[in-house]
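Participant: mind looking at a prediction? Sequence and model below.
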Amino acid sequence: MNILITGGAGFIGSQVVRLFLEIFPKSHIYNLDALTYAGNLENLSDVETSSNYTFIKGDINDAPFLMNLFSKYQFDKVIHLAAESHVDRSIKDPIAFVQTNVIGTLNLLNAAKSIWKDDYSSKLFYHISTDEVYGTLGETGLFTENTSYDPNSPYAASKASSDHFVRAYGETYGLPYIISNCSNNYGPNQFPEKLIPLFINNIIEHKPLPVYGDGNYTRDWLFVKDHAFAIALIFEKGKLKETYNIGGFNEWKNIDLVKLLCDIMDEKLSRKRDSSKSLITYVKDRPGHDKRYAIDATKIEKELGWKPSVTFEEGLSLTVDWYLANDQWLKNVTSGSYQEYYKKMYS
């Protein structure tokens, strides 16, 4: 198989690329990434010389480029991860999220439909989405695959729109697709704009830990390597035209998560107990902030046999260990110098 993975230099994408190179050694993995601020080829430096791997720098917003790419490499299957994903950025610049998440997805769908020419045998368009498309939950209940869409942020609205277009191409043109919606990911290689790596870096640097509102917003957390394994299972065994929710069965209020992270960091940095908690600073709440996300991952567990491999405490400890052991990576991404890697290795 020729497998195209979009956004493969990003946080989740790099984990998926690495895993697919391992479990599909007879397939060729093509990694398409625009290398914007969150795309980092250093995430894949250990596999970049693999014989069944090709990196392609390019933008899913460039429709003619995508058409030529599909024609040249004759991709059999697509795993679409490329997206703008940070809610705060979407509030400041919603048009950028429409461009990449909606128009970019449409460009990929059109390229696949055009090149595959209705011969969909052994073809697949696998679209990776988020639980944020479902909106917010009250004190009880879980998001299921049948939960109605009710997005509240520009980011969530753009992902909801892209989900709808994938399904529409399946129904209108017969394009074979699968969609999965995941909860908050955490783990190695995550760009430090998201809560956990941001706070790890701030604790290291003795900087404030900005907590929105009262800190009681609740999220379901998923270790990124568990997400990659779920994607591989769905890719191999998932049913066409189905949606799979991927969650960690792991709800935490933001403030409780931050306090746990502070305790872990104090221990690993040999700092006085509760010293990192003194950095916690409550800040003005985000507009349209969803109160609670929680995924019911029963379907993927029952149908495909997937479940998380680590507890949150174990996963968080492994994540902290990675960032402490890779302090140069962290310095590179926070300074922007990581983008020099592409120029050095691929110019």
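Facilitator: Cool, the structure landed.

Participant: please make it C-alpha for all contacts and neighbour counts, starting now.
Facilitator: Fine.

Participant: report the contact partners of the residue nearest to Arg286 when sequence neighbours are not counted.
Facilitator: Of all residues not flanking Arg286 in the chain, Tyr212 sits nearest, at 6.7 Å (Cα to Cα, 6 or more residues apart in numbering). Counting by Cα atoms under 8 Å, 6 or more residues apart in numbering, Tyr212 touches 282-286.

Participant: what's the most distant pair in those?
Facilitator: Tyr282 and Arg286 (11.7 Å; Cα to Cα).

Participant: any shared contact partners between those two?
Facilitator: 212-213.

Participant: these two: who's more crowded?
Facilitator: More neighbours surround Tyr282 than the other of Tyr282 and Arg286, with 15 against 12 (other Cα atoms under 10 Å).

Participant: how about the contacts made by the more buried one?
Facilitator: Tyr282 touches 210-215, counting by Cα under 8 Å, 6+ apart.

Participant: format these as TSV; extra columns: distance to Asn201.
Facilitator: As requested, the contacts of Tyr282 are arranged in TSV below (distance: Cα to Cα, whole Å):
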residue	distance to Asn201
Pro210	12
Val211	15
Tyr212	18
Gly213	21
Asp214	22
Gly215	19
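
Participant: now, of those residues, which are buried?
Facilitator: 210-212, 215 (16 or more other Cα atoms under 10 Å).

Participant: quick one: average confidence on whichever strand or helix holds Leu69?
Facilitator: According to DSSP states H and E, Leu69 maps onto helix 63-73. Averaging pLDDT along helix 63-73 yields 98.

Participant: what do you get for stretch 253-271?
Facilitator: The model assigns stretch 253-271 a mean pLDDT of 96.

Participant: quick one, phi psi at the spatially closest residue to Glu251 that is not a sequence neighbour?
Facilitator: Residue nearest to Glu251 in three dimensions, not counting chain neighbours: Asp220, with 4.3 Å by Cα to Cα, 6+ apart. The phi and psi values for Asp220, taken as degrees, to the nearest 10, are phi -100, psi 120.

Participant: now the contacts of Tyr212 as TSV including secondary structure and pLDDT?
Facilitator: Output for the contacts of Tyr212, formatted as TSV (DSSP: H, G, I helix; E, B strand; the rest coil; pLDDT from 0 to 100):
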residue	secondary structure	pLDDT
Tyr282	strand	94
Val283	strand	90
Lys284	coil	89
Asp285	coil	87
Arg286	coil	84
